[in-house]
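In: predicted model and sequence follow; I will ask about them next.
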Amino acid sequence: MSDSRGGSALRADARRNVDRIRHAAVEVFREQGFSAPLEDVAAAADVSKATIFNRLGGRVGLIDAVIDDVVATELRAVIEEARSVGDVRERIISYIDALRDLQYRRPAVNDVLLQEYSDSEPLLALCHTGEAFHDSLVTQGRAAGVLVQGFEPGDFQALTRDNALALKHGGRPPRTDYDRRTAFVVGGICTSVRPAA
């Protein structure tokens, strides 16, 4: 079919394939993280793995196409919500709670924090946004006297990466155990005494 009608049908079919791939990728990546087998995405989209490569360029192209729907929007919302908390100690605590919750619920967050796909510019940009926020929280926490002596921005980064590694490679513990451990993390970095207002 060399007429415009045949060409249009092919373009419409290709667009439908891309839409199905994107929808399937969002679901699979939300559940399994960005390292989920592309075969799982292809099966969920009812296309071949080759179609993913032909239409989106492979895993990194697919991540770039869906990162906002999979994790970026939620991660940015966690940061913005924490920014809105007036008390610095409470800001730090609410951010740690929300970030660890997101890490537990969305395995792709851990891929972002670990910079697993460094060829993905949107993924790295999102990671850098989080790192900058961590640095600002530590600066604010020190100025307010709510962080233990010696706690550095690099320590905040390490805590999030360590948690990401544990969840990605060690498996998810029962939620009650995970939440209990989150309280230990907060208790370990925040001072036990509130500074005078």
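Out: Yep, that arrived.

In: quick one: average pLDDT of the lengthiest helix in the chain?
Out: The longest helix of the chain (DSSP state H) is helix 4-32. Across helix 4-32, pLDDT averages out at 80.

In: next: stretch 154-173.
Out: The model assigns stretch 154-173 a mean pLDDT of 91.

In: what does that stretch contact?
Out: Counting contacts by CB atoms under 8 Å, 6 or more residues apart in numbering, the residues outside stretch 154-173 that touch it are 33, 99-100, 103-104, 107, 109-111, 113-114, 130-131, 134-135, 137-138, 178, 181, 185, 189. All C-beta atoms are positioned from the backbone trio N, CA, C, and that covers glycine.

In: stretch 184-194 now?
Out: 89, 92-93, 96-97, 100, 141, 145-148, 151, 155, 159.

In: centre of the chain to that stretch, how far?
Out: 25 Å (CA atoms, centre = their mean, to the nearest Å).

In: same question for stretch 102-110.
Out: 6 Å.

In: next, the buried residues of it.
Out: 102-104, 106-110 (16 or more other CB atoms under 10 Å).

In: what sits up against it?
Out: 29-34, 67, 70-71, 74-75, 78, 99, 113, 160, 163-165, 167-168, 172, 175, 178.

In: name the helices or strands packed onto the longest helix of the chain?
Out: Counting contacts by 3 or more CB pairs under 8 Å, 6 or more residues apart in numbering; DSSP states H and E, helix 4-32 is packed against helix 38-45, helix 49-56, helix 59-67, helix 107-113.

In: pull out the buried positions in that helix.
Out: Buried, per 16+ other CB under 10 Å, within helix 4-32: 17-18, 20-22, 24-30.

In: possible to save those residues as TSV with distance to residue 51?
Out: Converted to TSV, the buried residues of helix 4-32 look like this (distance: CB to CB, whole Å):
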residue	distance to residue 51
17	6
18	9
20	9
21	7
22	12
24	11
25	12
26	17
27	17
28	15
29	17
30	21
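
In: and which of those residues is nearest residue 124?
Out: Looking at those and their distance to residue 124, the nearest is residue 29, at 16.7 Å (CB to CB).

In: that closest one reaches residue 40, doesn't it?
Out: No. Applying CB atoms under 8 Å as the test, residue 29 and residue 40 come out as separate, 9.5 Å apart.

In: from residue 181, how far off is the residue minimising distance to the centre of the chain?
Out: In the chain, the centroid-proximal residue (CA atoms, centre = their mean) is residue 109; its distance is 2.3 Å. Computed as CB to CB, to the nearest Å, the residue 109 to residue 181 distance reads 17 Å.

In: and if you look at residue 37?
Out: Taking CB to CB, one finds residue 37 at 30 Å from residue 181.
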